[in-house]
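*Asks:* need coordinates for the below:
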Amino acid sequence: MRAIAAVAAPVAALGRGVLGGLAATGRFAIFSAEALSHILRPPLYPREALAALFTIGWLSLPVVGLTAVFTGGALALQIYAGGARFNAEAVVPQIVAIGMVRELGPVLVGLMIAARVTSSIAAEIATMRVTEQIDALVTLATNPMKYLVAPRVLAGLVTVPLLTGLGDVIGVMGGWLVATQTLGFNSATYLANTVDFIEAHDVWSSLAKGAVFGGIAALSGCYFGMTSGRGAQGVGRATKAAVEAAAVMILAANFLLTGVFFSV
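*Replies:* Next comes the predicted model:
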């Protein structure tokens with residue numbers, strides 16, 4: 001019996017972990033569906049929505065721009081170094097463009113938003129939960145999902161695609177700057193090759209990824225903030241879990257969307 005128990009214990013622990021993960025996924029899915037359903041249903045809170053748009057969109061521009069320009073420049077250097085082994089240095093403009101627009105642009109913007117915005121949303125809402133401000137909203141007949149969650153999710157869905165498009169452009173220009181100033185490329189030829197290689201399908205798929213990643217980042221911050229534990233430790237755990245979950249879901253969603261958009 002002891003031998004059977006020793007073998008069954010790890011299996012039972014694995015089963016509990018799997019069931020717990022499935023239950024958490026279900027709770028997050030239900031929360032997401034409820035939050036999305038509140039976005040366009042009255043009452044609306046335009047002041048909260050504008051504040052969220054400003055915080056998520058405008059205030060994220062510096063980190064997005066710096067991340068994109070350095071990534072585009074590093075990508076140009078790496079592709080040139082790799083292409084030189086096969087006398088294929090001329091492909092730098094095309095590969096930088098497709099790499100930034102299809103993958104690196106939306107993913108890096110999504111991860112930066114997860115690091116900056118998801119953590120902020122989770123900490124803010126979790127603090128409101130701990131200090132009973134959310135209970136006060138309910139007492140005042142204000143739905144927390146409408147007042148706190150829906151404006152932030154809407155802002156994520158609207159602003160992150162715009163940030164993604166801007167990040168794509170800045171990243172490509174970072175590659176152009178390095179290629180023309182360091183690697184000896186002709187500026188006009190580089191830009192012409194970039195424009196000729198990028199297709200409309202690449203652009204709108206990048207923006208669609210940005211919308212999905214923005215929704216994931218905002219929903220993750222709101223969910224873990226709303227379900228945080230009590231006390232300072234609860235706020236810290238909620239913030240950490242929100243960022244971790246958002247990053248993993250963004251990378252997983254990127255894999256799935258890439259398969260959908262670019263499957264052969």
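*Asks:* what about P106, which helix or strand?
*Replies:* helix 105-113 (DSSP states H and E).
*Asks:* helix or strand right after that helix?
*Replies:* Toward the C-terminus from helix 105-113 - assigned by DSSP H and E - lies helix 119-130.
*Asks:* now do that following helix: distance to the chain's middle.
*Replies:* Relative to its parent chain, helix 119-130 has a centroid offset of 18 Å by CA atoms, centre = their mean, to the nearest Å.
*Asks:* one step back: what does the helix holding P106 contact?
*Replies:* Helix 105-113 has contacts (CB atoms under 8 Å, 6 or more residues apart in numbering) with 56, 60, 63-64, 67-68, 71, 156, 160, 163-164, 167-168, 171, 206, 209-210, 213-214, 216-217, 247, 250-251, 254. Any C-beta I mention is one placed from the backbone N, CA and C, and that applies to glycine too.
*Asks:* where does the chain dip in pLDDT?
*Replies:* Across the chain, the ranges flagged by pLDDT under 70 are 1-8, 11, 264.
*Asks:* if I look at the residue nearest the centre of it, how far off is G156?
*Replies:* Geometric centre of the chain, nearest residue: G110, 2.6 Å, by CA atoms, centre = their mean. Separation of G110 from G156 (CB to CB, to the nearest Å) stands at 10 Å.
*Asks:* any common contacting residues for those two?
*Replies:* 214, 217.
*Asks:* hmm, who's touching stretch 228-247?
*Replies:* 28, 111, 114-115, 118-119, 121-123, 125-127, 129-130, 216-217, 220-221, 223-225, 227.
*Asks:* repeat the analysis, applying 6 Å as the threshold.
*Replies:* Residues outside stretch 228-247 that contact it (CB atoms under 6 Å, 6 or more residues apart in numbering): 111, 114, 118-119, 122-123, 126-127, 129-130, 216-217, 220-221, 224-225.
*Asks:* next: stretch 162-182.
*Replies:* In contact with stretch 162-182 (CB under 6 Å, 6+ apart) are residues 64-65, 68-69, 71-73, 75-76, 92, 96-97, 100-101, 105-106, 109, 185, 187, 190, 206-207, 210.
*Asks:* helices along the stretch 1-150 of the chain, start to end?
*Replies:* 2-38, 46-56, 61-84, 92-98, 105-113, 119-130, 133-139, 144, 150-181 (DSSP state H, counting those that start in this stretch).
*Asks:* which positions within the third one qualify as buried?
*Replies:* The one in question is helix 61-84. Residues of helix 61-84 classed as buried by neighbour count (16 or more other CB atoms under 10 Å): 64-65, 67-69, 71-73, 75-77, 79-80.
*Asks:* cool, and the longest one?
*Replies:* With burial defined by 16+ other CB under 10 Å, the residues of helix 2-38 counted as buried are 28, 31-32, 35-36, 38.
*Asks:* any figure for the gap between the residue lying closest to L154 once chain neighbours are set aside and V149?
*Replies:* Distances taken as CB to CB, 6 or more residues apart in numbering put I39 closest to L154, at 5.1 Å, once the chain neighbours are dropped. Distance, I39 to V149, by CB to CB: 9 Å.
*Asks:* these two - which one has more neighbours?
*Replies:* Neighbour tally, I39 and V149, criterion other CB atoms under 10 Å: the higher count belongs to V149, 27 against 15.
*Asks:* how close does that one sit to L36?
*Replies:* V149 is 10 Å from L36, by CB to CB.
*Asks:* ok, now G184?
*Replies:* 50 Å.
*Asks:* same thing with A150?
*Replies:* The gap separating A150 from L36 is 8 Å, by CB to CB.
*Asks:* related to what we said a few turns ago, closest one of the buried residues of helix 61-84 to G15?
*Replies:* T67 (40.8 Å; CB to CB).
*Asks:* any idea how far the spatially closest residue to M100 that is not a sequence neighbour lies from S187?
*Replies:* Nearest residue to M100, sequence neighbours excluded (CB to CB, 6+ apart): G171, at 3.9 Å. In this view, G171 and S187 are 17 Å apart by CB to CB.
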